[in-house]
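Engineer: need a structure here:
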Amino acid sequence: MKKLNIFHTMREKSIVFVIIALSLGSCIQSNFDYESSTTSETGKFKGTALEFINTAKAIDSLSLMKEAITLTGLQTLYSQTGPRTFIIPRNPGIRAYLKTNGFASLAAMPVATLTEVLKYHIVKASYYTQDVQFMESNKPIMYQTEGTNPLYFSHNTGFQVVVNQGTKKSFTIYVSNIRPTNGIIHIASDVVYYLP
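Structural biologist: Modelled structure (predicted):
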């Protein structure tokens, strides 16, 4: 009888172990090429936000962001001393934004409009979810951007950064907490905007 109880207990422990292993595996983020240019344990990048964008591999999908910065001449905003938080949309998000707004390309957008869009993606403070002051989930905090509208940062219970939570349109960040020398970078799947 004791052998049966030991076998039953070992089987239960094995099932629990498999469930825990699968749960942890599903929480682990996939490997991104951004990681090759950062210190994987801390997310630090040994350069400015502009250098991060300029050195990102083609498969990282940041080439349209690089083009947008060049078209607007905003290189200084991405290279000056922080603290700043930079939201950097990936190519698919920029393409979707262009299509939605009827522009054939970034070059087809009025420079003033593109400038305002980029400035809205630069916050005049650091938002790093591992900072103790930001530990509470689902608590949007308003920040001033380089543009005209405010932006709200928060994070959900899974510590995914959320932009403009509590407004009519919110955005969940794709990769967060990359730390260049002049602030924090959050890679977005969308061009973010403000709808009060």
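Engineer: hmm, who's touching the longest strand seen in the chain?
Structural biologist: Longest strand in the chain by number of residues, with DSSP state E as the criterion: strand 171-178. In this structure, residues lying in contact with strand 171-178 by C-beta atoms under 8 Å, 6 or more residues apart in numbering are 29, 32, 34, 38, 43, 45, 52, 87, 90, 128-130, 156, 160-164, 184-190, 192. Backbone N, C-alpha and C define where each C-beta goes, glycine included.
Engineer: let me see the ranges of the helices in this protein.
Structural biologist: Taking DSSP state H as the test, the helices found in the chain are 2-27, 49-55, 63-72, 75-79, 91-100, 111-120.
Engineer: buried residues in the fourth one, which are they?
Structural biologist: Taking 16 or more other C-beta atoms under 10 Å as the basis for neighbour counts, the residues of helix 75-79 that come out buried are 77, 78, 79.
Engineer: domain assignment for the chain?
Structural biologist: Split into domains by automatic domain parsing, the chain comes to 1-30, 31-188.
Engineer: to residue 196, which of those lies closest?
Structural biologist: Residue 196 lies closest to domain 31-188 among the domains of the chain, at 5.9 Å (C-beta to C-beta).
Engineer: check contacts around residue 68.
Structural biologist: Contacts of residue 68 (C-beta under 8 Å, 6+ apart): 94, 106, 114, 117, 118.
Engineer: burial count for the residue lying closest to residue 54 once chain neighbours are set aside?
Structural biologist: Nearest non-adjacent residue to residue 54, counting by C-beta to C-beta, 6 or more residues apart in numbering: residue 66, 6.2 Å away. A total of 16 residues lie near residue 66 under the criterion other C-beta atoms under 10 Å.
Engineer: distance check, residue 66 against residue 75.
Structural biologist: 10 Å (C-beta to C-beta, to the nearest Å).
Engineer: state the pLDDT value of residue 135.
Structural biologist: You'll see residue 135 listed with a pLDDT of 85.
Engineer: from residue 101, how far out is it?
Structural biologist: 37 Å.
Engineer: repeat for residue 176
Structural biologist: Residue 176 is 26 Å from residue 101, where distance means C-beta to C-beta.
Engineer: neighbour count: the two, which is higher?
Structural biologist: Between residue 176 and residue 101, counted using other C-beta under 10 Å, the more crowded position is residue 176 (24 against 12).
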